[in-house]
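Novice: based on what follows, work out the 3D shape:
(one chain, ligands or ions: 2)
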Amino acid sequence: MTDGFFEGPTLAIETSCDETSCAVVRGQQVLASVVSSQVDLHRQWGGVVPEAAARAHVEALLPVVELALAQAGLTFEGVAAIAVTNRPGLVGALSVGVTAAKALAWSLELPLVGVHHLEGHVLSPFANGHHDPNFPHLCLLVSGGHTELILVQELGVYRLLGQTLDDAAGEAFDKTARLVGLPYPGGQAIQEAARLGNSQAFDLPRGLRGDTRDFSFSGLKTAARRIVEANPQVSVADLAASLQEAIVSVLSDRAVEACHDLGVMELTLAGGVAANEALRQRLRGLCEKRGFCFTPADLQYCTDNAAMIGLAGNARLARGEHDGPDLDVWPSAPLP
Ligand code: KG4
Ligand code: ZN
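Specialist: Ligands and ions are numbered 1, 2, ... in the order given. As a prediction, the model looks like this:
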């Protein structure tokens with residue numbers, strides 16, 4: 001056992017949204033990680049269509065599992081446990097992964113553990129054990145569906161300190177990208193467009209003011225829409241750079257202030273939006289200035305992946321927790 005993580009190897013499955021993923025994880029070490037993205041499929045609709053996502057998971061899952069085992073140099077006989085995302089997410093999509101995981105656990109007579117998708121994101125900065133978790137630490141979790149500040153008191157003990165009251169940060173990127181004709185998913189496209197833009201071109205609203213740990217991004221989205229409506233020829237680069245600056249500044253200021261107020265010395269960064277270079281740079285700089293340790297997830301573990309699910313599964317298994325064949329799926333669920 002590596003500190004707090006079951007040695008496995010654990011085969012982990014993630015199908016909560018639009019990535020079909022399987023990983024093999026030993027303790028904190030990722031032996032294999034395969035992600036098959038459905039981004040090309042959903043691009044035609046400009047967002048994830050749940051029914052199409054579930055069907056695509058059915059087609060992709062077994063080849064993805066076989067590839068992960070081959071990469072790890074293992075057969076099913078070498079696997080010690082099965083972990084799977086069972087909440088929150090699209091019910092049809094989650095069901096595909098959970099059904100496969102149950103069948104594998106039953107036929108191979110292995111322990112089965114259901115994992116909260118957000119617990120996976122929260123532990124993703126510790127994949128491969130570059131760095132062992134220090135407790136307590138603060139996690140800024142920013143994705144397409146979530147924007148949360150989470151106090152990680154120990155493995156399995158999380159306290160939600162703040163969250164978005166409307167859109168998630170990733171949604172603000174995605175919706176604005178769509179507005180100006182950039183491809184889905186928008187975060188990456190806005191980041192690329194912003195390289196050539198002036199981040200001071202538009203003074204976009206920063207959402208909630210004053211002493212709060214919550215976020216609000218719907219005003220930002222509306223302001224961007226008004227700018228485009230008033231001037232359809234607006235510079236996409238300038239708007240992208242200004243939007244990115246507004247999101248990055250509010251996320252980083254609030255996260256670093258929360259660390260300071262709570263006397264927490266380490267900030268981690270996770271979720272799809274954590275791949276944003278400007279956000280990583282800003283937080284690295286602010287944390288250095290304040291003497292905080294900054295631990296962002298590796299780029300490959302920011303967007304959805306099964307490696308983080310294996311890590312969180314191994315943390316649960318090390319605590320002696322597992323689930324039975326009645327493991328269910330949940331579209332929404334609070335972090336444990
Ligand atoms: O964690 P994730 O893969 O899925 C959810 O659980 O939501 O996050 C996807 C989100 C999308 O909104 C996408 O636009 C955003 O992450 N994203 C980015 C970047 N790469 C992905 N946002 C900003 N900058 C990026 N480089
Ligand atoms: Zn996610």
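Novice: my guess is residue 283 meets residue 253, correct?
Specialist: No - using C-beta atoms under 8 Å, residue 283 makes no contact with residue 253, being 10.1 Å away. Any C-beta I mention is one placed from the backbone N, CA and C, and that applies to glycine too.
Novice: and the two? which has more neighbours close in?
Specialist: residue 283 (23 against 13; other C-beta atoms under 10 Å).
Novice: pull out the buried positions in whatever helix or strand residue 278 lives in.
Specialist: Residue 278 belongs to helix 277-290 when assigned by DSSP states H and E. Neighbour-count burial for helix 277-290, counted by 16 or more other C-beta atoms under 10 Å, picks out 278-280, 282-283, 286-287.
Novice: try stretch 169-178
Specialist: So for stretch 169-178, counting by 16+ other C-beta under 10 Å, buried means 169-178.
Novice: what do you get for stretch 78-96?
Specialist: So, applying 16+ other C-beta under 10 Å, buried residues of stretch 78-96: 79-90, 92-96.
Novice: repeat for stretch 144-163
Specialist: Buried residues in stretch 144-163 (16+ other C-beta under 10 Å): 144-152, 155-156, 158, 161-162.
Novice: out of those, which touch ligand 1?
Specialist: Filtering the buried residues of stretch 144-163 for proximity to ligand 1 (criterion: C-beta under 6 Å from any ligand atom) leaves 144-145.
Novice: just the ones of the buried residues of stretch 144-163 in strands?
Specialist: Mapping the buried residues of stretch 144-163 onto strands (DSSP state E) picks out 147-152, 158, 161-162.
Novice: can you redo the residues you listed as JSON lines with pLDDT and distance to residue 137?
Specialist: Output for those, formatted as JSON lines (pLDDT from 0 to 100; distance: C-beta to C-beta, whole Å):
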{"residue": "147", "pLDDT": "96", "distance to residue 137": "18"}
{"residue": "148", "pLDDT": "97", "distance to residue 137": "14"}
{"residue": "149", "pLDDT": "98", "distance to residue 137": "11"}
{"residue": "150", "pLDDT": "98", "distance to residue 137": "9"}
{"residue": "151", "pLDDT": "98", "distance to residue 137": "8"}
{"residue": "152", "pLDDT": "97", "distance to residue 137": "5"}
{"residue": "158", "pLDDT": "96", "distance to residue 137": "11"}
{"residue": "161", "pLDDT": "96", "distance to residue 137": "12"}
{"residue": "162", "pLDDT": "96", "distance to residue 137": "15"}
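Novice: so which of the residues you listed comes closest to ligand 1?
Specialist: residue 147 (10.1 Å; C-beta to the nearest ligand atom).
Novice: distance-wise, check the closest one relative to residue 110.
Specialist: Using C-beta to C-beta, to the nearest Å, one gets 35 Å for the distance from residue 147 to residue 110.
Novice: please flag which of the buried residues of stretch 78-96 sit within strands.
Specialist: Among the buried residues of stretch 78-96, the members found in strands (DSSP E) are 81-87.
Novice: from those, which is closest to ligand 1?
Specialist: Nearest to ligand 1 among those: residue 85, at 10.1 Å, using C-beta to the nearest ligand atom.
Novice: doesn't residue 95 make contact with the closest one?
Specialist: No - checked against C-beta under 8 Å, the pair residue 85 and residue 95 is beyond contact range at 11.0 Å.
Novice: buried sites along the lowest-mean-pLDDT helix or strand in the chain?
Specialist: Lowest by mean pLDDT, DSSP states H and E among the helices and strands of the chain is helix 39-43, with a mean of 84. Judged by neighbour count (16+ other C-beta under 10 Å), helix 39-43 contains these buried residues: residue 42.
Novice: what residues does it touch?
Specialist: 18, 48-49, 52-53, 56, 183-185 (C-beta atoms under 8 Å, 6 or more residues apart in numbering).
Novice: look up phi and psi at residue 302.
Specialist: Main-chain torsions, residue 302, degrees, to the nearest 10: phi -80, psi -60.
Novice: that one: neighbouring residues, count only.
Specialist: Neighbour number of residue 302 under other C-beta under 10 Å is 25.
Novice: report the contact partners of it.
Specialist: Residue 302 touches 124, 270-275, 296, counting by C-beta under 8 Å, 6+ apart.
Novice: just the ones of those residues in strands?
Specialist: Those of the contacts of residue 302 mapping onto strands are 270, 296, per DSSP E.
Novice: among the contacts of residue 302, which one lies nearest to ligand 1?
Specialist: Distance to ligand 1 across these (C-beta to the nearest ligand atom) is lowest for residue 272, with 2.0 Å.
Novice: okay, that closest one: pLDDT?
Specialist: As summarised for this prediction, residue 272 has a pLDDT of 96.
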